[in-house]
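Trainee: this is the structure alone, sequence omitted:
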């Protein structure tokens, strides 16, 4: 039997757009090469940073 797996592609596209926006933001504000590399790494994990800051704000 074949099982159909439903995926939510809209969340992938939202994450992708957020990633591109974060990369553009961090690279445009970078003052050097290595700061730009750190910005790309931050852009990869920006959702985790966002959730952490929200939880810290609401003290959950």
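Mentor: That came through, no problem. None of these values were measured; they are calculated from a predicted model. Residues are numbered from 1 along each chain as shown.

Trainee: in this structure, which residue is closest to the centre?
Mentor: residue 46 (3.6 Å; CA atoms, centre = their mean).

Trainee: tell me how far that residue lies from residue 3.
Mentor: Distance from residue 46 to residue 3, counting by CB to CB, to the nearest Å: 33 Å. C-beta here means a position set from N, CA and C on the backbone, and glycine is covered the same way.

Trainee: cool, and residue 27?
Mentor: 42 Å.

Trainee: now swap in residue 31 and tell me
Mentor: Taking CB to CB, one finds residue 31 at 51 Å from residue 3.

Trainee: over to residue 14?
Mentor: For residue 14, the distance to residue 3 equals 26 Å [CB to CB].

Trainee: the two: which is more packed in?
Mentor: Between residue 14 and residue 3, counted using other CB atoms under 10 Å, the more crowded position is residue 14 (12 against 4).

Trainee: let me know the pLDDT of that one.
Mentor: pLDDT, residue 14: 80.

Trainee: what's the longest helix in the protein?
Mentor: The longest helix of the chain (DSSP state H) is helix 9-28.

Trainee: can you pull the buried residues of that one?
Mentor: Buried residues in helix 9-28, defined by neighbour count with 16 or more other CB atoms under 10 Å: 22, 23, 26.

Trainee: now do the contacts for the second one.
Mentor: Under the criterion of CB atoms under 8 Å, 6 or more residues apart in numbering, the contact partners of residue 23 comprise 39, 40, 43.
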